[in-house]
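>>> this one's structure only:
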């Protein structure tokens, strides 16, 4: 069916990925000056769609992103954007493009795997392709501000998971974060982004906390997509907060892409790792080691089923667990849709940490 | 004046266990029977049995707790003060009876876990994640194939001269290995011994991977009643493995202790065993998640509901 065009703008779409779609939308709308298709929250149908057309042994992130892309096409996207990565994710874009073409969809596909590590000139060419009338100054500001938005969102999220379990007034943390996300959705300039961030940060910091003397602290480490994307890990961090824990996750877009890189982190874990094991294992081990050294009570390791780089990280985490006497809960995700098994394991893990703390004090 | 007592019920996939204890962890009544896919019915039968053994003149039950995979449902039914996962309950129960225990091995009907204990408190645990290989359900189905009662497995395994090698990595592989061994004429007892060895080996290579097993070791769960598996564990670990005669009741015992420690009290009456409970599932249609919401009714009155992922599906 031919789509009816109101203007000559293209509609771009990107798979759902935690809260980063807001930043991407900002870049597309304010920088590239094209239309962005914001998908509503993922449902059970997303992953069903994704699994149906995926190779069985592809990892869960492949299925989640493919499901998102199909939903985006059904909602009228013209251009799909898929990213590359440091594991087999780098080939996912190419494969998904073929799968979608075979399904009979017509679309333009931008596989960022082809551009990553490439030169600036190539990126500018891509921008020209997506919008021939692109304004370079506007594009650069847009990218800068969009990245800033992602960083701010990571920071607010960090505060939320660290302290939300101890809020004096129930729901107060959530309310502020919702308002913040709403403001990021409507922001059209750097000023608005910054204002929303400062307001949220101040509001969160002025909230009254009833912090127990020895709160249970849990660190989350693991595979890039599943550890970050709350829908993929079945709201793992929120579940831990509801049990009463303070939760931290070093792994986020800010720390992975805009802060110390792999080569800078590796010397800090040299007692455990001598070379780069690929994907995000360096971040996993670095974060786990720093949680152990900072006296955290437990670590949760998250990966999609069959994720090879993270499987390689497991023996190292076992060494850290033994050396620092810190228990590690290993979770593997596929396309299950029942929460019961996860709830049992998390509750048992939290109870154990809490009782241990009480007895050993 | 009547003394205080505490009720604990552990509703597993295969069996349902119940105990009543007093303030000093002494067993006043106990019951163990098959769940048979009907958790409310099994719990009612457990309550009947407990009621018969229980001395209502000397004691009264002031708190109750539920654990196991149907804990939420039966907890709603009893109005339990504590509803907790079976891992916590097992750790609490076992450390109360064996304060010096360092490692708890547990193989149940559908899952298996290991709990490491230091100074009487659990410090680490692991649970099988993806596959049910080597659990009670696997042994039962293989017993059926061999035409033997699963209860006799231990005895037969001990009578074998040696254990036939059976692949332990995965239920499907183990099964095809087993069929192959049968067809080439291995004696039945050697195959059964091989299965027991496979269960122990699979457990140590999967669930207990990377965990340090320190004596004293306590082995519990339904499979601990199988002397063949116990022997294989002792051979593999080179240390004695203790099986408590009350090992199968540990979850129920632990949750009864947790009910007492909660200090929440309200009079419990065995009358619930005669009431009618019904559950109904509704599929929430407010978004594409289609959450399955479980509603529990007592005598046509809605007493609990759960299963919704967001507030839109809240029933009450």
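Received the coordinates, thanks. Everything numeric in this text was worked out from a predicted model, so none of it was measured.
>>> in what helix or strand does residue 64 lie?
If you meant another chain, say so; for now it's chain A. Element membership of residue A:64 [criterion: DSSP states H and E] is helix A:60-74.
>>> Can you look at chain B instead?
Assigned by DSSP H and E, residue B:64 falls in strand B:59-67.
>>> and what of residue B:126?
Element membership of residue B:126 [criterion: DSSP H and E] is strand B:121-127.
>>> In its sheet, which strands sit next to that strand, and in what direction?
As defined by DSSP bridges, the strand partners of strand B:121-127 come to strand B:112-118 (antiparallel).
>>> pLDDT of the partner strand, averaged?
Taken as a whole, strand B:112-118 has a mean pLDDT of 90.
>>> and for it, what are the contacting residues?
For strand B:112-118, the external contacting residues (C-beta atoms under 8 Å, 6 or more residues apart in numbering or on different chains) are B:87, B:90-91, B:94-95, B:101-106, B:122-128, B:134-135, B:203, B:207-208, B:211-214, B:221. For the C-beta atoms, the positions are set from N, CA and C on the backbone; glycine is no exception.
>>> mind redoing it with 7 Å?
Around strand B:112-118, the neighbours that count as contacts under C-beta atoms under 7 Å, 6 or more residues apart in numbering or on different chains are B:87, B:90-91, B:95, B:101-106, B:122-128, B:134-135, B:203, B:207-208, B:211.
>>> Give me the buried positions along it.
Across strand B:112-118, burial judged by 16 or more other C-beta atoms under 10 Å in any protein chain shown covers B:112-117.
>>> which two from those end up farthest apart in space?
Farthest pair in the buried residues of strand B:112-118 (C-beta to C-beta) is B:112 and B:117. Separation: 17.0 Å.
>>> shaky segments in chain B?
B:129-133, B:168-169, B:316 (pLDDT under 70).
>>> What separation is there between residue A:182 and residue B:301?
According to C-beta to C-beta, to the nearest Å, residue A:182 stands 40 Å off from residue B:301.
>>> scratch that, residue A:178 is what I was asking about
Counting by C-beta to C-beta, the gap from residue A:178 to residue B:301 is 35 Å.
>>> neighbour-wise, which of those two wins?
In this view residue A:178 and residue B:301 are compared by other C-beta atoms under 10 Å in any protein chain shown, and residue A:178 has more residues nearby, 12 against 7.
>>> Point me to the helix or strand that includes the more buried one.
helix A:172-186.
>>> ok, now residue B:239?
Judged by DSSP H and E, residue B:239 forms part of no helix or strand.
>>> Just give the nearest non-adjacent residue to it, would you?
Leaving aside its chain neighbours, residue B:239 sits nearest to residue B:215 (4.5 Å; criterion: C-beta to C-beta, 6 or more residues apart in numbering or on different chains).
>>> Next one: the closest residue to residue A:197 other than its chain neighbours from chain B, what distance?
Nearest residue to residue A:197 in three dimensions, chain neighbours excluded: residue A:152, at 4.1 Å (C-beta to C-beta, 6+ apart). Distance of residue A:152 to chain B, given as C-beta to the nearest C-beta, to the nearest Å: 26 Å.
>>> and the residue in the stretch 51-200 of chain B that chain A sits nearest to, what is it in contact with?
Nearest to chain A in the stretch 51-200 of chain B, going by C-beta to the nearest C-beta, is residue B:87, at a distance of 3.6 Å. Residue B:87 makes contacts with A:348, B:113, B:115, B:125, B:127, as judged by C-beta under 7 Å, 6+ apart.
>>> Format these as a markdown table; extra columns: distance to residue B:272.
Conversion of those to a markdown table gives the following (distance: C-beta to C-beta, whole Å):
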| residue | distance to residue B:272 |
| --- | --- |
| A:348 | 27 |
| B:113 | 30 |
| B:115 | 31 |
| B:125 | 32 |
| B:127 | 31 |
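>>> which of the residues you listed lies closest to residue A:104?
residue B:127 (44.0 Å).
>>> That closest one: neighbouring residues, count only.
The number of residues near residue B:127, taken as other C-beta under 10 Å, comes to 21.
>>> Do I have it right that it meets residue B:111?
Yes. Using C-beta atoms under 7 Å, residue B:127 is in contact with residue B:111, at 6.1 Å.
>>> buried sites along the helix holding residue A:64?
A:60-73.
>>> Please apply the same query to stretch B:135-153.
Those would be B:135-140, B:142-143, B:146, B:148, B:150, B:153, for stretch B:135-153 by 16+ other C-beta under 10 Å.
>>> give me the subset of the residues you listed touching chain A.
Taking C-beta under 7 Å from any C-beta of the partner chain as the test, chain A is in contact with none of those.
>>> dump the residue contacts of residue A:361.
residue A:214.
>>> So what's the predicted local confidence for it?
Predicted confidence (pLDDT) for residue A:361: 70.
>>> Relative to chain B, which of the buried residues of helix A:60-74 is nearest.
residue A:71 (10.0 Å).
>>> Against residue A:226, how distant is the closest one?
On the measure of C-beta to C-beta, residue A:71 and residue A:226 end up 19 Å apart.
>>> how's the chain carved up into domains?
Here I'm looking at chain A. As assigned by automatic domain parsing, chain A contains the domains A:11-134, A:136-211, A:213-361.
>>> was after chain B, sorry
As given by automatic domain parsing, the domain ranges for chain B are B:3-92+B:251-274, B:100-243, B:278-313.
>>> Buried deepest among those, which one?
Neighbour counts (mean count of other C-beta atoms under 10 Å in any protein chain shown) averaged over each of these peak at domain B:3-92+B:251-274, with a mean of 21.
>>> Name the nearest residue to the residue in the stretch 1-150 of chain A that chain B sits nearest to, sequence neighbours excluded.
Nearest to chain B in the stretch 1-150 of chain A, going by C-beta to the nearest C-beta, is residue A:43, at a distance of 3.7 Å. If the residues on either side of it in the chain are set aside, residue A:43 comes closest to residue B:288, at 3.7 Å by C-beta to C-beta, 6+ apart.
>>> so what pLDDT did the residue nearest the centre of chain A get?
Centroid-nearest residue in chain A, with C-alpha atoms, centre = their mean: residue A:228, separated by 3.3 Å. Residue A:228 carries a pLDDT value of 94.
>>> so it touches residue A:252, yeah?
Yes. Contact criterion C-beta under 7 Å: residue A:228 and residue A:252 qualify, at 6.2 Å.
>>> quick one, helices of the stretch 201-316 of chain B?
B:227-237, B:250-261 (DSSP state H, counting those that start in this stretch).
>>> List the residues that contact residue B:221.
Contacts of residue B:221 (C-beta under 7 Å, 6+ apart): B:106-108.
>>> again, 8 Å this time
By C-beta under 8 Å, 6+ apart, the contact set of residue B:221 is B:106-108, B:112, B:136, B:247-248.
>>> ditto for residue B:297
Neighbours of residue B:297 in contact, by C-beta under 8 Å, 6+ apart: B:277-280, B:303.
>>> Specify the beta-bridge partners of it.
Going by DSSP bridges, residue B:297 is paired in beta bridges with residue B:278, residue B:302.
>>> returning to what we had before: which among the buried residues of stretch B:135-153 gets closest to residue B:80?
residue B:136 (25.4 Å).
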